[in-house]
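A.B. asks: using only what follows, build the 3D model:
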Amino acid sequence: MCGRYALTATPEEILHFLSVVDIDSFPARYNIAPTQPVLVVIGSERERPGSNLPERRALLARWGFIPGWAKDPGEFPLLINARSETAAEKASFRAAMRHRRILVPASGFYEWRRPPKETGVKPQAYWIRPKTGGLLAFGGLMETYASAEGSEVDTAAILTTRANAAIRLIHDRMPVVIRPEDFSRWLDCRTQEPRAVADLMQPVEDEFFEAIPVSDLVNKVSNMGPDVQKPVALAEPTEPPRKPSKGDSPQMSLF
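C.D. replies: Residues are numbered from 1 along each chain as shown. Below you'll find the predicted structure:
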């Protein structure tokens, strides 16, 4: 899963990385949490000048997906992630997977390794970022929810896939990473059906990320500064953590 992430790049770096039309200035964000507004990139109906590729736009969406058919968002589960293996068939995500795929720019994400409860060992947080540094883009889905009163809100979820061998030592799921050379195909919902982009929703290679143990400062949404990414001394895990049981609620387990 992906329950917290960071975006600390400058607007100029994001413009260059994602080739978006325009983007407003915004501060570095070290601890982005569900229900907060997040930056997402979509393909528009217009074509980029000198190209037959869709123009890209950046906008803010609520991190917490609400399907268009939901009657009461307050009673609907908080959908921050969507499993890439089943999103095209699930009622909540099927329409968005076909018509509203997005990119979610990030500098990295956080994950918690949760040892068996009987060990008495507390969960350990990790800051997981590309080994080469810089930006990456998660694959995501968006839906504009319209209330009965007529108000609208853009909502988003991050797609996840099975963890690669490196991340599996911490958690059994990880975000889907879309490569820059695949941005256009992923965002092209006019000609690219979900089955045509299924190959993009695979775990990145084992060497892509590095996992840095950090303190429990990241557990609190109110901690928003760079200190949440400060490394702590810790032995590297050598065995995968326990898998969540049926009674666990992974999407809500951080809060």
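
A.B. asks: residue contacts, R129?
C.D. replies: R129 makes contact with 107-108, 209-210, 212 under the criterion C-beta atoms under 8 Å, 6 or more residues apart in numbering. In short, each C-beta sits where N, CA and C put it, glycine included.

A.B. asks: rerun at 10 Å
C.D. replies: With contact set as C-beta atoms under 10 Å, 6 or more residues apart in numbering, R129 has these partners: 5-6, 8, 106-110, 136, 208-212, 229.

A.B. asks: quick one, which of the residues you listed are buried?
C.D. replies: By the neighbour-count criterion of 16 or more other C-beta atoms under 10 Å, these include these buried positions: 5-6, 8, 106-110, 136, 208-209, 211-212, 229.

A.B. asks: with pLDDT added, can I get those in CSV?
C.D. replies: As requested, those are exported to CSV (pLDDT from 0 to 100):
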residue, pLDDT
Y5, 98
A6, 98
T8, 97
A106, 98
S107, 98
G108, 98
F109, 98
Y110, 98
L136, 98
F208, 98
F209, 98
A211, 97
I212, 97
Q229, 98
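
A.B. asks: in strands, which of those appear?
C.D. replies: Mapping the buried ones among the contacts of R129 onto strands (DSSP state E) picks out 5-6, 106, 108-110, 136, 209, 211-212.

A.B. asks: could you dump the residues you listed to TSV with distance to R185?
C.D. replies: Putting these into TSV (distance: C-beta to C-beta, whole Å) gives the following:
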residue	distance to R185
Y5	23
A6	26
A106	20
G108	24
F109	23
Y110	28
L136	17
F209	23
A211	29
I212	31
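
A.B. asks: just those now: which is nearest L187?
C.D. replies: When these are compared for distance to L187 (C-beta to C-beta), L136 comes out closest, at 15.5 Å.

A.B. asks: look up how far N31 lies from the closest one.
C.D. replies: L136 sits 17 Å away from N31, taking C-beta to C-beta, to the nearest Å as the criterion.

A.B. asks: which of the three states applies to the nearest residue to L135 once chain neighbours are set aside?
C.D. replies: Leaving aside its chain neighbours, L135 sits nearest to F17 (4.7 Å; criterion: C-beta to C-beta, 6 or more residues apart in numbering). Assigned by DSSP: H, G, I helix; E, B strand; the rest coil, the conformation of F17 is helix.
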